[in-house]
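Colleague: Model the following, please.
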Amino acid sequence: MIKAAVVGGSGYTGGELARILSRHPGISLEAVTSRQNAGIPISEAMPFLKGFTDLSFIERLPDDGDFDVVFLATPHTASMRIAPALLERGIRVVDLSGDYRLKDPRTYEKWYGHQHTDLSNLPRAVYGLPELFREDIVDADLVANPGCYPTCTILSLAPLLRYGLVDGKVIVDAKSGTSGAGQEPTRSTHHPSCAGSITPYKVGAHRHSPEIKATLDRITGKDIDVIFTPHLLPIVRGMLTTSYASIKDDVTRGDVAAAYMSAYGEERFVRVTSVPAIPATVGSNFCDVGFELVGSTVVAMAALDNLVKGAAGQAVQNANIMFHMDEATGLDFPGLGV
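Modeller: Numbers count the residues shown, from 1 in each chain. I've put the predicted structure just below:
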């Protein structure tokens, strides 16, 4: 049995990690940290876990803790302070922050507003998008779990770019539920502000923009021009991305369909469908993708749960791969449908 701990377990993502790991047959959840909830039973702070765990939150992991893997559900800058000591002890790390996703520390500083302080471990970090980089994840000891928007966007666009079916810039229209902003309420995520409204935010300035571009560049070996605009939906969880690119002249609908099936026909957690919809994926680790041709433009669509495939579920999927388990272990459940 693999022994795991979660650092930063009181937020939405930490709660999802605890929910998934509490019933995982191959990973035992041994500890969950939370400074604000230290000493409180996890099931008291998170009633949905009542009957599934007897653990209480602890303030920090013990220095001699016997863990095989630690999930860092921590804010950016915190992960790069915590990860080095864990890696030195031979503990494998899955980081859900943005600290290890960008390989260029200058790009990180530009978009996150802080210098990267763990330059020694940054090169060893593997970008944990299993459907594209599974072979890299197998032997990794530090996995950078992708962001929710990048996961949804990249999975919808990867077949088009990998098989050279599109040209020019890519325009991404993305929408997410408010849980993606975390538990601390803000003026824009406060219910009276967002209910009944769809609001664009951080236009041209969202931190997931360079992550999307870097991965699309990696897939193609080219410099892809990406325009990414996120929107806030008046729902709690769920994400939908709609991306637009110019199709090459000789490409047919059959070519596009074949590209998607070649990429995802054997994948457990990516389903090719006609029109992806959020309810089909909420509560699950699935990402549903689809496309439509409109004249010379291909519209690539995807839906997922931002807290599961967009965060905690994908982190567990990565851990499954790292420890040579079937990657669907503990994750093989359907969406809620509502």
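
Colleague: How many residues are close by the spatially closest residue to I198 that is not a sequence neighbour?
Modeller: Taking C-beta to C-beta, 6 or more residues apart in numbering, and ignoring the residues beside it in sequence, I198 has H231 as its nearest neighbour in space, at 5.4 Å. No exception for glycine: its C-beta is placed from N, CA and C like everyone else's. Around H231 there are 15 other residues, counting by other C-beta atoms under 10 Å.

Colleague: Quick check, S243 in contact with V299.
Modeller: Yes: counting by C-beta atoms under 8 Å, V299 is a contact partner of S243 at 7.3 Å.

Colleague: Could you say whether the residue nearest to I198 sits in a helix, a strand or coil?
Modeller: Assigned with DSSP: H, G, I helix; E, B strand; the rest coil, H231 falls in the strand class.

Colleague: For it, list each beta-bridge partner.
Modeller: Beta-bridge partners for H231, by DSSP bridges, are K175, P200.

Colleague: mind listing what it touches?
Modeller: The contact partners of H231, taken as C-beta atoms under 8 Å, 6 or more residues apart in numbering, are 173-176, 198-201.

Colleague: before we move on, the earlier item: more neighbours: which of S243 and V299?
Modeller: Neighbour totals were compared for S243 and V299, and S243 leads with 26 against 15 (other C-beta under 10 Å).

Colleague: Next, the more buried one: phi, psi?
Modeller: Per-residue torsions, S243: phi -120, psi 150 (degrees, to the nearest 10).

Colleague: so after the strand or helix carrying G14, what's the next helix or strand?
Modeller: Using DSSP states H and E, G14 sits in helix 12-21. Going down the chain from helix 12-21, the next helix or strand is strand 27-32, by DSSP H and E.

Colleague: Just give me the closest of the contacts of H231 to H208.
Modeller: A174 (8.4 Å; C-beta to C-beta).

Colleague: if I read this right, the closest one contacts L240, doesn't it?
Modeller: Yes: contact status for A174 versus L240: in contact at 7.5 Å, counting by C-beta under 8 Å.

Colleague: Now the common contact residues for these two.
Modeller: Contacts common to A174 and L240, judged by C-beta under 8 Å, 6+ apart, are C152.

Colleague: May I see the buried residues of the one helix or strand in the chain whose mean pLDDT sits lowest?
Modeller: The helix or strand of the chain with the poorest confidence is helix 191-194; it has a mean of 72 (mean pLDDT, DSSP states H and E). Within helix 191-194, the residues that qualify as buried by neighbour count (16 or more other C-beta atoms under 10 Å) are 193-194.

Colleague: try stretch 11-26
Modeller: 11-22, 24.

Colleague: coming back round to it: mind listing residues that contact the least confident helix or strand of the chain?
Modeller: With contact meaning C-beta under 8 Å, 6+ apart, helix 191-194 is reached by 178, 187-188, 232, 234.

Colleague: Lowest pLDDT pick from those residues?
Modeller: Scanning the contacts of helix 191-194 for pLDDT, the low point is S188. It has 67.

Colleague: Would you map the strands across the stretch 151-300 of the chain?
Modeller: Secondary structure of the stretch 151-300 of the chain (DSSP state E, counting those that start in this stretch): strands located at 166-176, 199-200, 226-232, 239-247, 270-272, 287-294, 297-304.

Colleague: C-alpha coordinates for the fourth one, CSV please?
Modeller: This points to strand 239-247. C-alpha atoms of strand 239-247 as CSV (Å, rounded to 0.1, in the frame of the first residue of the first chain):
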residue,chain,number,x,y,z
MET,A,239,-15.4,23.9,-17.0
LEU,A,240,-16.1,24.4,-20.7
THR,A,241,-13.6,25.6,-23.3
THR,A,242,-14.3,26.4,-26.9
SER,A,243,-11.3,27.0,-29.1
TYR,A,244,-11.0,28.3,-32.7
ALA,A,245,-8.3,27.6,-35.3
SER,A,246,-8.0,27.8,-39.1
ILE,A,247,-8.2,24.4,-40.8
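
Colleague: ranking the strands of the stretch 151-300 of the chain by mean pLDDT, which is last?
Modeller: Among these, strand 199-200 carries the lowest mean pLDDT, a mean of 91.

Colleague: Could you give the separation of the top helix by length along the chain from the chain centroid?
Modeller: Scanning the chain for the longest helix, with DSSP state H as the assignment, gives helix 148-162. Its chain's average C-alpha position is 12 Å from that of helix 148-162, according to C-alpha atoms, centre = their mean, to the nearest Å.

Colleague: How far off centre is whichever helix or strand I82 is part of?
Modeller: Assessed by DSSP H and E, I82 sits inside helix 79-88. Averaging C-alpha positions (C-alpha atoms, centre = their mean) puts helix 79-88 20 Å from its chain's average.
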